[in-house]
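Novice: Coordinates for the following, if possible.
(chains A and B)
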Amino acid sequence: MRSSSATRSSAWTCAAPAALVPLLVALTACGSGGAQTDQPDQPGQPGQPRAVTVLAAASLTEPYQELAAQFQAQHPGVQVKFDFEGSSTLVQQIKQGRRADVFASANAKNMDKVVQEGLNAGPPRTFTTNKLTIAVPPGGGGDVRSFADLAAPGRKVVVCAPQVPCGSATEKVERATGAQLRPVSEENDVKSVLHKVAAGEADAGLVYVSDAKSAGGQVRSVDFPEAGAAVNSYPQVALKDAPQPQLAQDWESFVQGPAGQAVLARHGFGAK
Amino acid sequence: MTPRRAQPAAAVPAPLRPLAAVAFLLVVLPVVGLFTRVDPLRLPQLLTSRTALDALRLSLITALAATALSLLFGGPLAVVLARGRMRGLRVIRALVLLPLVLPPVVGGLALLYLLGRTGPVGSLLDQAGITLPYTTAAVVLAQTFVAMPFLVVGLEGALRTGGQGYEQVAATLGAGQWLSFRRVTAPLLLPSLGSSAVLTFARALGEFGATITFAGSLRGTTRTLPLAIYNTSQDDVDAAVAMSLLLVVVALVVVVLVRPRAIEGRA
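Specialist: Have a look, this model is predicted:
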């Protein structure tokens, strides 16, 4: 029979690896799950699966993931990797030398910054558009029927800050309608606006049609005609140092083509 | 109690020096990298812009208020944790440290779900006509939530290492608990109270995630300096870097000027 100290030490040596197993499983699981979005961008070798890396505005998350599945089905052995962030964050990363194949921006201004630095291969092309809508909580906001209603005193309205694309669109609409909003908060991205409305912490928020659609039943959207004064166009470009220049072009044409446009339209985006 | 003997000043052992240098560079070099981006010609105009000054003023006011709240409530909590004898104190201590572990955005969501107008407490406040989200008070609350644990941990540590010898002597001399706390414990705590308060203030000053989630972002009301920096960076990174210079300067002034006096001024 073993002494109690031997038992204890063998229990230790067994327990430590046993405790490590779930950790390792979790880590590898994260690794393969994250590969879809986070892996660094390596050039593919012949005979090996190739990956095309697309840096895309956060608002494109849902349609682009759907498009990637179709693109991969058409291009066996090719994987589409995404990083969805705010356009201006992506521009900073590209300027600091992040290697990727395609950049899809949520507005022309951020695309211009990439072009000014000469980091693009070929001219950017607009592939879709988006416009604003009023998001209200599903159970409330019954008295919001027009953009001017948002200016009513005491109404808690949340908008995007003017520095980000949805905020500059909001400013344009304000100028077009002459209605002066007094928001309780100017958020840094459209998803935060959406979240505050869905959580019931705002009476109304200005978001893109596609965002309201992606929120499903969490918000109700009230369209208004003046949104046409600020239609936001989304340009896309292949990057100069693309590890996969051919795949970058293929992706661009695919998004511009009928299949790409159909998916974007289904997610609430407008024609290019 | 054994009186602590003064050790002769020992030199720093050689193996520690290069490691200390790495630690220093790891902290300082990125900040240096930041300032290589600042355009000195634009700097004065960027630093005195209305956006920057409004944000700086709001940040100073809210961080001071958060530090005051942390002292008022966190100080007594530290005493309870260090000296209390009730059961479950360990659990309470672990819970108090939660804000250090939680991502600040989650802290902000937690505050929003509790105190927002659809939350269990927030809906009661709403009926009483009190709204917290989108107000400066919400900023102070978010900062206090995130920063107070620094005060509690620092103060509790000092109370424990300090021991209770002097208080026991005070008790033998006939001092009651409250008198002994005021005249013996509190003065002994002053140095660590100062350094903990500075840490708390610094953390409150840099608070971002909980604030933007719970309080929102509006110039002059809820847009503190970190929020203004992030907001500006969406559009003009150089201006954002210049504004972060303001934050670094304020933090350095506080830490360099206030802290040594607080910790070196022996009680």
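
Novice: Got phi/psi on the residue of the stretch 101-250 of chain A found nearest chain B?
Specialist: Across the stretch 101-250 of chain A, no residue is closer to chain B than A:S185, which sits at 2.8 Å (Cβ to the nearest Cβ). Every C-beta, even on glycine, is put in place using the N, C-alpha and C of the backbone. Note on A:S185: backbone dihedrals following degrees, to the nearest 10 are phi -160, psi 140.

Novice: Likewise for the one 5 residues further on?
Specialist: The main-chain torsion angles of A:V190 are listed as degrees, to the nearest 10 and equal phi -70, psi -30.

Novice: what's the answer for B:Q168, then?
Specialist: Backbone torsions for B:Q168, taken as degrees, to the nearest 10, come to phi -60, psi -40.

Novice: Check A:V222 too.
Specialist: The phi and psi values for A:V222, taken as degrees, to the nearest 10, are phi -120, psi 110.

Novice: That one: what's it in contact with?
Specialist: Applying Cβ atoms under 8 Å, 6 or more residues apart in numbering or on different chains to A:V222 gives the contacts A:133-136, A:141, A:144-145, A:204.

Novice: Make sure the residue of the stretch 101-250 of chain A closest to chain B is actually in contact with B:L218.
Specialist: Yes: look at A:S185 against B:L218 with Cβ atoms under 8 Å: they come within range, at 5.4 Å.

Novice: which one is the residue of the stretch 101-250 of chain A closest to chain B nearest to, not counting chain neighbours?
Specialist: In this structure, A:S185 finds its nearest non-sequential neighbour in B:G216, 2.8 Å apart by Cβ to Cβ, 6 or more residues apart in numbering or on different chains.

Novice: For the stretch 101-250 of chain A, what lies in contact range of chain B?
Specialist: Contact residues, the stretch 101-250 of chain A versus chain B (Cβ under 8 Å from any Cβ of the partner chain): A:156, A:158, A:161, A:163-164, A:183-188, A:192, A:196, A:199-201.

Novice: In helices, which of these appear?
Specialist: Within these, residues falling in helices by DSSP state H are A:192, A:196.

Novice: Of the residues of the stretch 101-250 of chain A next to chain B, just say which sits nearest to A:E66.
Specialist: The closest of those to A:E66 turns out to be A:S192 (Cβ to Cβ; 23.7 Å).

Novice: Number of residues surrounding the closest one?
Specialist: By other Cβ atoms under 10 Å in any protein chain shown, 21 other residues sit near A:S192.

Novice: try B:P104
Specialist: 22.

Novice: Please apply the same query to B:R37.
Specialist: Using other Cβ under 10 Å as the criterion, B:R37 is surrounded by 12 other residues.

Novice: One more: A:A121?
Specialist: By other Cβ under 10 Å, neighbour count at A:A121 equals 16.

Novice: repeat for B:S195
Specialist: Using other Cβ under 10 Å, B:S195 is surrounded by 22 other residues.

Novice: Quick check: it touching B:L151?
Specialist: No: judged on Cβ under 8 Å, B:S195 makes no contact with B:L151 at a distance of 10.0 Å.

Novice: And B:R261, what's its pLDDT?
Specialist: Per-residue pLDDT puts B:R261 at 55.

Novice: mind listing what the closest residue to chain A within the stretch 101-250 of chain B touches?
Specialist: Distances between the stretch 101-250 of chain B and chain A by Cβ to the nearest Cβ are smallest at B:G216, namely 2.8 Å. By Cβ under 8 Å, 6+ apart, the contact list for B:G216 reads A:158, A:184-187, A:196, B:133-134, B:138, B:222.
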